[in-house]
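**Student:** got a predicted structure plus its sequence, pasted below:
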Amino acid sequence: VPAGERYILTYAANLNRGAQFTNLEKHIDAELLKVFDDLSHHTGFFYGRYDLKCLSVEDLKKGKNFVILEFNGSGAEPNHVYHSGYSLLKANRVFLQHWKALYGISKYNHRQGHRYWPLMKGWNFLRQAKKHLAELEKFDKQIPV
């Protein structure tokens, strides 16, 4: 980060800091899928959510004029249900579909020889992730405004 420039580590696309998410599900077509398939397969990212900014959906479908703010793996919730007029029932249906997909991926990976994590390994991973986020937030508070 250039001297004198402020960069907040924990602010990227955060709902509790004013980010708004738009559900563009109606724009999904073969052209858009190709953009994200090419990008994802190139980077080895196969399931998750991209948070991005773009000038237009048309440009995004052409793979131009967009910036990826962050990409979130399988643990990220499908946050397009917020600010999109979803009822609680419809939002919960989306969350259940998300977990069903994760379950299917987990079963597939297990059949391919990837062992499930023991309970304590998962528990410790979540604890470390929480500690890491707290550290980032502590550093953010130290940056002068």
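**Tutor:** Received the coordinates, thanks.
**Student:** test of understanding: give the bridge partners of the spatially most central residue of the chain.
**Tutor:** Most central in the chain under Cα atoms, centre = their mean is Asn72, positioned 2.8 Å from the mean C-alpha point. Beta bridges link Asn72 to Arg49, judged by DSSP bridges.
**Student:** who's in contact with it?
**Tutor:** By Cβ atoms under 8 Å, 6 or more residues apart in numbering, the contact list for Asn72 reads 48-51. C-beta coordinates here come from the backbone N, C-alpha and C atoms, glycine included.
**Student:** if I look at it, how far off is Ala30?
**Tutor:** Asn72 sits 24 Å away from Ala30, going by Cβ to Cβ, to the nearest Å.
**Student:** shaky segments in the chain?
**Tutor:** Counting by pLDDT under 70, the chain has low-confidence residues at 7-20, 83, 144-145.
**Student:** and the helices in it?
**Tutor:** Under the criterion DSSP state H, the chain contains helices at 30-43, 57-61, 88-111, 119-142.
**Student:** of the contacts of Asn72, which is the nearest to Gly122?
**Tutor:** Distances from Gly122 to the contacts of Asn72, taken as Cβ to Cβ, are shortest for Gly48 (18.0 Å).
**Student:** surely that closest one and Ser74 touch.
**Tutor:** Yes. A contact is recorded between Gly48 and Ser74 when judged using Cβ atoms under 8 Å, the distance being 5.9 Å.
**Student:** which of the contacts of Asn72 lies closest to Leu102?
**Tutor:** Of all the contacts of Asn72, the one with the least separation from Leu102 (Cβ to Cβ) is Gly48, at 10.3 Å.
**Student:** quick one: contacts for the nearest residue to that closest one once chain neighbours are set aside?
**Tutor:** With sequence-adjacent residues excluded and distances taken as Cβ to Cβ, 6 or more residues apart in numbering, Gly48 is closest to Gly73, at 4.5 Å. Taking Cβ under 8 Å, 6+ apart as the definition of contact, the neighbours of Gly73 are 45, 47-48.
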